[in-house]
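>>> Here's a sequence, model it:
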Amino acid sequence: MAKNIMIQGTMSNAGKSLLCAGLCRIFKQDGYRVAPFKSQNMALNSFITEAGGEMGRAQVVQAEAAGIAPDVRMNPILLKPTTDVGAQVIVNGIAQGNMRAMEYSKNKRKYIPDIMQAYDSLAAENDIIVIEGAGSPAEINLRQDDIVNMGFAELVDAPVLLVGDIDRGGVFAQLYGTVALLTPQERARVKGTIVNKFRGDRAILEPGLDMLEELCGVPVAGVVPYTHVDIDEEDSLSQRFYCPQSRKLLDVAVIRLPRISNFTDFSPFERFANVSLRYVDKVADLHDPDLIFLPGTKSTIGDLQWLRQSGLENAIQKAAASGTLVFGICGGYQMLGKHISDPDQVEAAGVTEIAGLGLLDMDTVFRGEKVQTQVTGQFHQVEGMLSGLNGIPYTGYEIHMGRSTEVLPPVINSRNVYGSYIHGVFDAPNVADTIIQALCRQKGIDFESIGSFDLREYKNKQYDKLADAVRGGLDMDYVYRVLNRQV
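Here you go, the predicted structure:
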């Protein structure tokens with residue numbers, strides 16, 4: 001069976017996911033077969049594997065870093081929030097229905113056999129398993145039924161490295177406070193602490209590190225610098241939502257829906273040097289973009305109501321009427337149609353019928369069975385300003401409960417309005433380029449001035465850059481000693 005090591009954090013967004021990805025890359029570089037694992041994940045950014053299972057995006061990124069194909073065994077439990085107090089529960093890639101938070105909390109330990117079966121089969125095929133925790137292990141109200149932090153570490157006898165985020169401040173209190181709230185048995189699993197996202201002169205930090213080691217009773221395993229890497233992030237804590245973007249030669253606006261999902265669909269457009277990609281949730285911030293994306297959502301009807309109330313629906317309709325390119329993906333695609341119905345309350349939004357934006361000649365009905373599949377093909381029957389897509393191969397995946405009429409795969413369009421159910425469709429070679437070229441022609445801009453890139457090569461460079469930063473910041477000799485149970 002594989003050796004294991006677990007990264008837990010003092011809070012959400014402490015950097016666990018990227019540290020695990022960095023370790024996966026390092027172990028791969030060092031010649032090991034390595035796989036990531038997270039027993040329970042809560043996220044709206046998900047992925048469909050080749051076998052048709054749904055899993056969290058963070059473990060997809062970690063699998064890419066490890067050089068292996070994503071597998072639902074890497075994330076056996078995925079929770080996709082549908083409301084503030086409920087989520088869709090996905091077990092080993094298959095949706096099991098919606099549960100309220102209290103109901104899931106009472107029943108989650110029944111999923112331990114599913115979790116252990118997934119873990120054991122991965123461990124039988126690999127040399128190392130890099131395990132990611134969730135949130136904080138010091139949530140003392142959740143300790144009794146924990147299946148993702150110390151509870152899972154005990155199940156697989158995993159040593160733990162605890163990471164804190166110095167960029168937010170209070171890292172010593174984060175780390176010591178977390179250790180102090182653990183039981184003696186849990187504290188014994190913590191083999192080291194990690195200070196993450198550090199900027200500045202480490203010499204200034206050293207006295208605090210010495211005191212931290214004394215207080216926590218374990219070594220500081222490393223100080224990882226704040227690293228600017230362009231790697232897909234998982235949840236709505238993504239910094240890209242909050243970074244103001246100045247408008248460049250071409251301006252792209254993504255409507256930031258309240259329950260936005262799979263926003264990584266639009267990452268390819270961020271990597272053109274002279275294209276601005278902005279996330280917008282107010283009419284005043286929309287301005288006059290060259291392209292408007294309506295993204296996926298876990299609550300199409302609820303977010304459509306928000307779009308209407310915010311005034312953004314009217315703004316998008318006006319932009320489309322003036323010739324602005326509008327493109328909807330999955331839930332955003334459904335919103336662009338004439339009518340949406342949910343007779344069985346699949347989305348539990350309290351509404352059974354609602355009018356769409358009326359920009360595409362289609363209707364959508366929500367049904368109980370979920371579509372989740374990988375897709376490949378070639379663009380065809382695309383008209384209007386994006387007709388240059390015809391003949392270009394694409395790959396991607398579909399995740400949706402709704403069924404839409406008049407679908408012409410892979411996209412349906414009306415003049416300058418387009419829609420598709422396919423997540424990841426812009427990742428394929430030449431797809432984003434072709435869309436940007438169409439916008440350049442419309443504005444009379446030379447495409448060469450925008451700057452293009454090779455996405456696969458670019459991703460590999462980003463994973464290597466992350467690995468260099470993590471390797472340089474951690475005491476890797478000590479990490480290997482922890483892995484080999486020598487401490």
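>>> in which helix or strand would I find Val130?
Using DSSP states H and E, Val130 falls within strand 128-132.
>>> for the chain, which strand is longest?
The longest strand of the chain (DSSP state E) is strand 363-378.
>>> What is that strand packed up against?
With contacts taken as 3 or more C-beta pairs under 8 Å, 6 or more residues apart in numbering; DSSP states H and E, strand 363-378 sits against strand 46-48, strand 339-341, strand 393-404. (Each C-beta comes from the backbone N, C-alpha and C, glycine too.)
>>> related to what we said a few turns ago, quickly run through the sheet partners of the strand holding Val130, with directions.
Here the strand partners of strand 128-132, with direction, are listed using DSSP bridges: strand 3-9 (parallel), strand 34-37 (parallel).
>>> so which of those strands is the most packed in?
Of all the strands paired with strand 128-132, strand 34-37 carries the top mean neighbour count, a mean of 27, counting by mean count of other C-beta atoms under 10 Å.
>>> coming back round to it: possible to save the helices and strands packed on strand 363-378 as a markdown table with mean neighbour count, distance to Lys197 and mean pLDDT?
Putting the helices and strands packed on strand 363-378 into a markdown table (neighbours: other C-beta atoms under 10 Å; distance: least, C-beta to C-beta, whole Å; pLDDT from 0 to 100) gives the following:
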| stretch | mean neighbour count | distance to Lys197 | mean pLDDT |
| --- | --- | --- | --- |
| strand 46-48 | 26 | 26 | 90 |
| strand 339-341 | 19 | 42 | 94 |
| strand 393-404 | 20 | 31 | 88 |
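>>> May I see those organised as CSV, with distance to Asp114 added?
Shown next, in CSV, are the helices and strands packed on strand 363-378 (distance: least, C-beta to C-beta, whole Å):
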stretch, distance to Asp114
strand 46-48, 17
strand 339-341, 33
strand 393-404, 20
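>>> any idea which helix or strand comes after the strand holding Val130?
Using DSSP H and E, the helix or strand that follows strand 128-132 in sequence is helix 150-155.
>>> Not counting that following helix itself, show me its contacts.
Outside helix 150-155, the residues within contact range by C-beta atoms under 8 Å, 6 or more residues apart in numbering are 6, 8, 39, 112, 115-116, 131, 133, 137, 143, 145-146, 158-160, 182, 185-186, 189.
>>> Using PDB, list the CA coordinates for the helix or strand following that helix.
Toward the C-terminus, helix 150-155 is succeeded by strand 160-165 as the next helix or strand (DSSP H and E). Extracted as PDB, the C-alpha positions of strand 160-165 are listed here (Å, rounded to 0.1, in the frame of the first residue of the first chain):
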ATOM      1  CA  VAL A 160      -0.200  15.700   9.200                       C
ATOM      2  CA  LEU A 161       1.500  18.900   8.300                       C
ATOM      3  CA  LEU A 162      -0.500  21.900   9.400                       C
ATOM      4  CA  VAL A 163      -0.500  25.000   7.100                       C
ATOM      5  CA  GLY A 164      -1.300  28.600   8.100                       C
ATOM      6  CA  ASP A 165      -1.800  31.700   5.900                       C
END
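>>> Off-centre distance for strand 160-165?
21 Å (C-alpha atoms, centre = their mean, to the nearest Å).
>>> got the angle between it and strand 128-132?
Taking axes from the mean of the first three to the mean of the last three C-alpha atoms, to 10 degrees, strand 160-165 and strand 128-132 form an angle of 40 degrees between their directions.
>>> helices and strands around strand 160-165, which ones?
So strand 160-165, by 3+ C-beta pairs under 8 Å, 6+ apart, packs with strand 3-9, helix 171-181, strand 190-198.
>>> Now do the helices in the stretch 151-300 of the chain.
171-181, 184-187, 202-216, 267-270, 283-286, 300-310 (DSSP state H, counting those that start in this stretch).
>>> Please identify which of these is closest to Met1.
Of all these, helix 184-187 sits nearest to Met1, with 22.3 Å by C-beta to C-beta.
>>> buried set for that closest one?
Within helix 184-187, the residues scored as buried using 16 or more other C-beta atoms under 10 Å are Glu186, Arg187.
>>> quick one on the thing from earlier: now, of the contacts of helix 150-155, which are buried?
Listed as buried from the contacts of helix 150-155 are 6, 8, 39, 112, 115-116, 131, 133, 137, 143, 146, 158-160, 182, 186, 189; burial here means 16+ other C-beta under 10 Å.
>>> Any stretches of this protein with poor pLDDT?
Along the chain, the parts satisfying pLDDT under 70 run over 233-245, 406-412, 452-453.
>>> Would you mark the buried spots in the lengthiest helix in it?
Looking across the chain with DSSP state H, the single longest helix is helix 455-473. Neighbour-count burial for helix 455-473 flags Leu455, Lys459, Gln462, Tyr463, Lys465, Leu466, Ala467, Asp468, Ala469, Val470, Arg471, Gly473 (criterion: 16+ other C-beta under 10 Å).
>>> what about the helix or strand that it is followed by, distance to the chain center?
Going down the chain from helix 455-473, the next helix or strand is helix 476-483, by DSSP H and E. Remark: helix 476-483 is offset 29 Å from the chain centroid, using C-alpha atoms, centre = their mean.
>>> residues of helix 476-483 that come out buried?
Neighbour-count burial for helix 476-483, counted by 16+ other C-beta under 10 Å, picks out Met476, Tyr478, Val479, Arg481, Val482, Leu483.
>>> contacting residues around that helix?
If you take C-beta under 8 Å, 6+ apart as the criterion, helix 476-483 is touched by 3-5, 23, 26, 128, 159, 161, 191-192, 219, 221-222, 487.
>>> Which of those residues sits closest to Arg259?
Nearest to Arg259 among the contacts of helix 476-483 is Leu23, at 31.1 Å by C-beta to C-beta.
>>> mind checking the backbone torsions on the closest one?
The phi/psi pair for Leu23 (degrees, to the nearest 10) reads phi -70, psi -40.
>>> my guess is it contacts Ala469, does it?
No: in this structure, Leu23 is not within contact of Ala469 by C-beta atoms under 8 Å, at 11.7 Å.
>>> Might you report the residue contacts of the residue lying closest to His339 once chain neighbours are set aside?
Nearest residue to His339 in three dimensions, chain neighbours excluded: Asp363, at 4.4 Å (C-beta to C-beta, 6 or more residues apart in numbering). Shown in contact with Asp363 (C-beta under 8 Å, 6+ apart): Gly337, Lys338, His339, Ile340, Ser341, Ser404, Thr405, Glu406.
>>> ok, and the closest non-adjacent residue to the fourth one?
Among residues not flanking Ile340 along the chain, Thr364 sits closest, at 4.7 Å (C-beta to C-beta, 6+ apart).
>>> What's the separation between that neighbour and Arg259?
Distance of Thr364 to Arg259, given as C-beta to C-beta, to the nearest Å: 17 Å.
>>> Quick check: which element contains Tyr119?
helix 112-123.
>>> thinking again about what came up before, return the list of helices and strands in contact with the longest helix of the chain.
Helix 455-473 packs on helix 16-29, helix 57-66, strand 220-225, going by 3+ C-beta pairs under 8 Å, 6+ apart.
>>> a markdown table please, covering the ones you listed and showing distance to Asp84.
Shown next, in a markdown table, are the helices and strands packed on helix 455-473 (distance: least, C-beta to C-beta, whole Å):
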| stretch | distance to Asp84 |
| --- | --- |
| helix 16-29 | 23 |
| helix 57-66 | 22 |
| strand 220-225 | 33 |
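>>> how about these, which one is nearest Trp306?
Comparing these under C-beta to C-beta, the one sitting nearest is helix 57-66, at 23.2 Å.
>>> and Met401, what does it touch?
So Met401 contacts Val346, Glu347, Phe366, Arg367, Gly368, Glu369, Lys370, Val371 (C-beta under 8 Å, 6+ apart).
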